[in-house]
Each structure stands twice: as C-alpha cells, then as structure tokens.
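J.: show me the folded form of this:
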Amino acid sequence: MNKEEMISVIYDILKHKLELPTILSFHNEARLNEDLYMDSVMILELILHIELDFGINIPDEMLVPKDFHTISTLVEFIQRQRNTALGGIE
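T.: The predicted structure follows:
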C-alpha cells in the first residue's frame, strides 16, 4: 500500500467511521488537533480503526505525540509499524 492509498484509508476512517465534522479541513499536512479539532478520545478511536483497517498492532509504548501531529506524520508512523510487523527495517 503506497502513501496515497494510506491517506485515502485514513480519510475514509475519519469521514465514515468517526464522522469527523471538520473533514473539509483534511489534507496531507492537516494537524490532527489544530486543523481537524481531534481530541485525545478521537485520536484513540482513530488508532483503533487504524489497527483494524491496516491489520497492525500498535503497542501503547509506541504512541508518541509527534507521530500524531499531522496526517503525513501519521502515515509515516503507520509505514514504520507495517515494516516492523513485516520484519522490515524501520
């Protein structure tokens, strides 16, 4: 799955599963807190859906705020988690 496909999956999660009211502000560099107005509970829900939709397990100790700053940093985080799960190099 390439970066654009991952962004599309995240968009679908935010729009259809979380029903994010600020979805019109979605873009690659949108900040989860400041632009999309996601609070900590919404981000936890997003993490749950990411685990299910991407088929990855995200241990609590891997949750670092900088990885959940923008859509792009979130995609990079997911890519690292997928590489680790597949036995690749981060």
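J.: least confident secondary structure element in this protein?
T.: helix 71-85 (a mean of 90; mean pLDDT, DSSP states H and E).
J.: could you say what helices and strands it packs with?
T.: helix 3-12, helix 40-54 (3 or more C-beta pairs under 8 Å, 6 or more residues apart in numbering; DSSP states H and E). To be clear about C-beta, it is placed using only N, CA and C from the backbone, and glycine gets the same treatment.
J.: report pLDDT for the closest residue to residue 81 other than its chain neighbours.
T.: Nearest non-adjacent residue to residue 81, counting by C-beta to C-beta, 6 or more residues apart in numbering: residue 56, 4.9 Å away. Note on residue 56: pLDDT of 90.
J.: which residues are in contact with residue 56?
T.: Contacts for residue 56 (C-beta atoms under 8 Å, 6 or more residues apart in numbering) come out as 50, 78, 81, 82, 85.
J.: pLDDT weak spots in this structure?
T.: Residue ranges of the chain with pLDDT under 70: 86-90.
J.: any idea how far residue 83 is from the spatially most central residue of the chain?
T.: Among the residues of the chain, the one closest to the centroid is residue 74, at 4.5 Å (C-alpha atoms, centre = their mean). Distance of residue 74 to residue 83, given as C-beta to C-beta, to the nearest Å: 15 Å.
J.: measure the residue nearest to residue 81 to residue 3 for me?
T.: 16 Å.
J.: coming back round to it: so what's the residue nearest to the centre of the chain closest to, chain neighbours aside?
T.: residue 68 (5.9 Å).
J.: element containing the residue nearest to residue 81, please.
T.: Following DSSP states H and E, there is no helix or strand that holds residue 56.
J.: now it. Its backbone dihedrals?
T.: phi -120, psi 160 (degrees, to the nearest 10).
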